[in-house]
Structure formats: structure tokens, C-alpha cells
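Structural data only, the sequence is not supplied:
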């Protein structure tokens, strides 16, 4: 007998469900695209969904789902059984707000992959006959978000940009958890789900634009050391234990190889483009400071700067680089996911409905959400604003204690089923304080190592999607960013993706990137003698004092 059940939810959509159908069936009804390549039999492991509530209303997990952590299911295997449960799910490849604007660097277009007459070549190697187009794909594989540029290698123009939520979240929200997951019984699952998602996105863009995926003749991938190496199927365990170095960095230190850059064929990774397309993993800098930072430096031409500048690429792992053409110093800050949707009760990434800015006017809380949708959570820029406003209004001490020792502060009080009351709790503030301090400590120590004060930084480049939407004054007020004169702050957008695109288009600059990374001085924050004292200072919600 088929029974009517309580509503099934996905983001802002809802539908009346019936028992006996799968979550995948309801995703179809809600017009939610869920990736799959196995015909929904559970073998491809692509249709992972997060069950936000109502897990007990679903069938017990099948053996094919044993690789998933608590709170996750395969949409094709999760069958609705209990007619009394509200069930809410989210697809792990939701599309974040796309950051399309980046600071552009003028370059001469001279790609490795090019058309010569009626042939397509990679360097001196003939790949294919010319079939109307020569495309390259630049991929920035972030811990939280993956962004891609489809590039016309003949004109040098980016013809399509897309992004999606990193589908590896079931293996942990940060790189250390994913390294641990990959060491277990389900080694290879993180690589496979990422490659499947990239293939899904390639197919989607081919459908939207109307081209054949085999016209993609080259791919460049950037990311931190863990993200990059998982995609290429390398052992990432050395990155998770001292001295925290990838297998390729260790091989270069031994003298076995000259660069940490990787080159493989698309067919060897199972990427569905031209089979012999070269897939290039951009070079790493050191330890957790990966090829995404190398791409950042390439995009802003930091190695050509006369004055001292600072780059801060804000993310789950924030990277900091200070320097100029004479010297470069870098560090990785394990900030964790608190500002990117993890560890905070109502935290979320930058999707529609996320509170992105907050103003306190007396006892009134004025929130603005992405796309002006009803509030469903709060993203990083909103959290920075909220913390800054609580300090400004005297509703929170520098130690993160709320006024009158309240246990929580409500920033959304009223709303319908899609905008329930939401608050920032003491535990949320503690998680944010530690994440903020990681950013604070990295900037402080790298500047001190270089021998420069915030007032002496000629430009502070902020990179990444989160940083692009952050209120700089709010961030400086709570010590999230060094208090560089605000007029010197330059938001450069997704510099990692831009750098990967430049490497696609300029063989000369790609080679220069491989040379540049070898002269970056890497600082291990935890090895700094007074790191703990600096970290404690950074946990306080005050401007950086130096």
C-alpha cells in the first residue's frame, strides 16, 4: 500500500512524497539534477546526497553505501519508508555563486596545445586533425568548491565558467579528514567521486554550449597538495604526517625529479575528453601550500613586484604569501571549515538564501541574503559581519562572550518553514575564533618572517570566492585580516582559476611558474617558537596589533 508522507524538501522546493520511492525519484520530480552513470543501481557512487533531516524515514543503507559517513546516502538506494517523517536532502554538487570576475593579467597567447594548419598539436606531438575547435579546461579544485573555465585555445578567450560544491564532503570537511578517509577501506572513492563530478560538468557544458567533449585537448588542474594528489591518484598519506609533504615534493627533494608538476593522459584518469589530452597538475610550493597558490602568484605576477605585497587566499586552508621579485615567503593556515559552512550550527557555503551581510541597528538585525531569497543559513561573509557588528555594538566581548552571558544571539528571529529562527551559539563563536586565529597567525608570522609590518604592505591581494564578498572593514575589526590601510586592499577574485587559465594559454609563463615555486621560502607555523602565544592572541576579536 502506498502512503502519503510528509513533504520532501530540497533547498527551496518541496513535494508530497509517498513510501516506496527513492530520493532520486523525488529529485527527478523536483527537477534537481543528480549525477549518475550506472543506471541507478548503486555501483557508480555518484548520486551522493546529504540527508539534512528525516534519516529515520528512509530504508537502511545498502552494502553499496558502506563507504559513506553518517548523514549521507546514495539517492538511488535511499527508499522512503516511514510516512511520518519530514525528509530534507541536498545534492553534493550544488552550484555555489560563480565568481566570474578576476584580476586579468595581460599575456601573449602561446599555448602548449595549438592548431597548426589542419592538425592539433601538444608541443611537437600531433594529437588530432582539426575539427573546428581547440579547447582547454582550467580547473581549480578547492576543498569546498570546484571551479572550471572552458578556454578557446585559438582565441585565448574563456567561453564558459562553472562551479560546483566539492563532492568529497562525505570524507570530511577538511584535508586532514580526507587524508584519513583515503587511508581506510574506501581508498580511491574520493578520487572517483571527483572525477565523476568533473565528467558530469564537462558533459553539462558540452550540452549547454553545443560542442563535442573530444574537442577538449588539454586540462590544467590546480589545488592544494591534498586535493591535487587525490585527483591524480597519488598516495596522500605523507601530506598528513610530518614533514607534511607530498610524494612528488619528497621525490624532488631526493633529486629524483626536477619539478612537482604532473603530466598524465586523460584516458589514464578516466576523464571524458580527447583521450590523449594532457592533464597537467600544476607544481606545488611546499607542504600544504599547493599549486592553487602557485596559480595565484602567476595570476598577479607577484614575482615581478618591486614593492612588498601580500596575498591572502582565504579558504578551508588559507594561504599567505608576502614578498616581491627578490624574496617570497609563504605559509598555509589550517583554518578549517567554520567560515565555509562547517562547524557552525547554521553555517553554509555561498548559495542562494545564505545571509551574506549583517548590520545591527540597536536591537534590530538587518540581514541581506544571496539572491534575496529567504534565509536558510549564514555564509562566511555574513559571519564576519555578524562578529564585527556584535563587537561594535558591545554585544560581545573580545573573548567572544555574549552580552549578559547569553548562550546564543539570534540573527534571524522570524520566518516561515524555509527561514526558521537562527542563532550564533557560544560553541559557534569558539569554532569561529579558532578559524579566525589560524588566518591571523599565518599573516602575522609570515609578515614577521619577511620583516615587514602591515602598514608597510603596499598592496594586500585578497583571493578566492569568500574573500571577494567579505567586508574588509569588518574583517580587520575582528583580526581576520591584517590591518593594512584599507585603500591598499585589492580583491582579485578567483586568482587560482585565473592562474590555471594563464598556464593553459602561455607555455612560457607555465615554465616560469615551475621555476618560481622553487624559490618560495616556506614557513611551518607550528614550528614557530611562540606560535601558541600568537594563536591565543588571534582568538580574540580585536584588530591585529603589530
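Looks like it arrived, so ask away. Here the structure is a predicted model, which is why all the values come from computation and not from measurement.

Please enumerate the helices of this structure.
All helices of the chain, identified by DSSP state H, fall at 23-29, 175-182, 189-209, 225-231, 247-254, 266-269, 291-300, 380-392, 426-450, 465-469, 472-477, 495-505, 507-516, 531-538.

Export these as a markdown table, with columns for mean pLDDT and mean neighbour count.
For the C-beta atoms, the positions are set from N, CA and C on the backbone; glycine is no exception. Formatted as a markdown table, the helices of the chain follow (pLDDT from 0 to 100; neighbours: other Cβ atoms under 10 Å):
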| stretch | mean pLDDT | mean neighbour count |
| --- | --- | --- |
| helix 23-29 | 86 | 20 |
| helix 175-182 | 94 | 21 |
| helix 189-209 | 94 | 19 |
| helix 225-231 | 97 | 27 |
| helix 247-254 | 96 | 16 |
| helix 266-269 | 98 | 17 |
| helix 291-300 | 96 | 29 |
| helix 380-392 | 96 | 25 |
| helix 426-450 | 96 | 22 |
| helix 465-469 | 79 | 24 |
| helix 472-477 | 96 | 21 |
| helix 495-505 | 96 | 30 |
| helix 507-516 | 96 | 17 |
| helix 531-538 | 95 | 16 |
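
Now distance to residue 41 too, for those helices, in TSV please.
Below are those laid out as TSV (distance: least, Cβ to Cβ, whole Å):
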stretch	distance to residue 41
helix 23-29	11
helix 175-182	24
helix 189-209	15
helix 225-231	25
helix 247-254	35
helix 266-269	24
helix 291-300	36
helix 380-392	38
helix 426-450	39
helix 465-469	36
helix 472-477	48
helix 495-505	35
helix 507-516	42
helix 531-538	49
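
Residue 411 is nearest to which of those helices?
Distance to residue 411, taken as Cβ to Cβ, is lowest for helix 380-392 among the helices of the chain, at 5.9 Å.

so what does that closest one touch, helix or strand wise?
Counting contacts by 3 or more Cβ pairs under 8 Å, 6 or more residues apart in numbering; DSSP states H and E, helix 380-392 is packed against strand 354-361, helix 426-450, helix 465-469, helix 472-477.

list the contacts for residue 422?
Residues near residue 422 by Cβ atoms under 8 Å, 6 or more residues apart in numbering: 345-346, 355, 375, 377-378, 410-412.

Repeat that for residue 111.
Listed by Cβ under 8 Å, 6+ apart, the contact set of residue 111 reads 136, 153, 218, 504-507.

ok, it to residue 150 distance?
From residue 111 across to residue 150, the span is 14 Å (Cβ to Cβ, to the nearest Å).

Same check on residue 203?
Using Cβ to Cβ, one gets 12 Å for the distance from residue 203 to residue 150.

Would you mind giving the domain segments of this structure?
Domain assignment of the chain by automatic domain parsing yields the ranges 4-91, 113-288.

Dump those domains into TSV; add distance to residue 298 as well.
TSV is the format used below for those (distance: least, Cβ to Cβ, whole Å):
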stretch	distance to residue 298
domain 4-91	31
domain 113-288	9
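
tell me the most buried of those domains?
Highest mean neighbour count among those (mean count of other Cβ atoms under 10 Å): domain 113-288, with a mean of 20.

re earlier: tell me the buried residues within the contacts of residue 422.
Neighbour-count burial (16 or more other Cβ atoms under 10 Å) applied to these gives 346, 355, 375, 377-378, 411-412.

Need the max-distance pair from those residues.
Longest span within those, Cβ to Cβ: 377 and 411, 10.7 Å.

Relative to residue 298, which of the helices and strands packed on helix 380-392 is closest?
Distance to residue 298, taken as Cβ to Cβ, is lowest for helix 465-469 among the helices and strands packed on helix 380-392, at 17.7 Å.

Contacts made by the closest one with the rest, please.
The contact list for helix 465-469 (Cβ under 8 Å, 6+ apart) reads 96-97, 99, 101, 145, 147, 312-315, 339-340, 350, 356, 379-381, 462, 491, 493-494.

got it, and stretch 259-270?
Residues outside stretch 259-270 that contact it (Cβ under 8 Å, 6+ apart): 195, 199, 219, 228, 231-233, 246, 248-249, 252, 272-284, 291, 514, 517.

cutoff 6 Å now
195, 232, 248-249, 252, 273, 275-281, 283-284, 514 (Cβ atoms under 6 Å, 6 or more residues apart in numbering).
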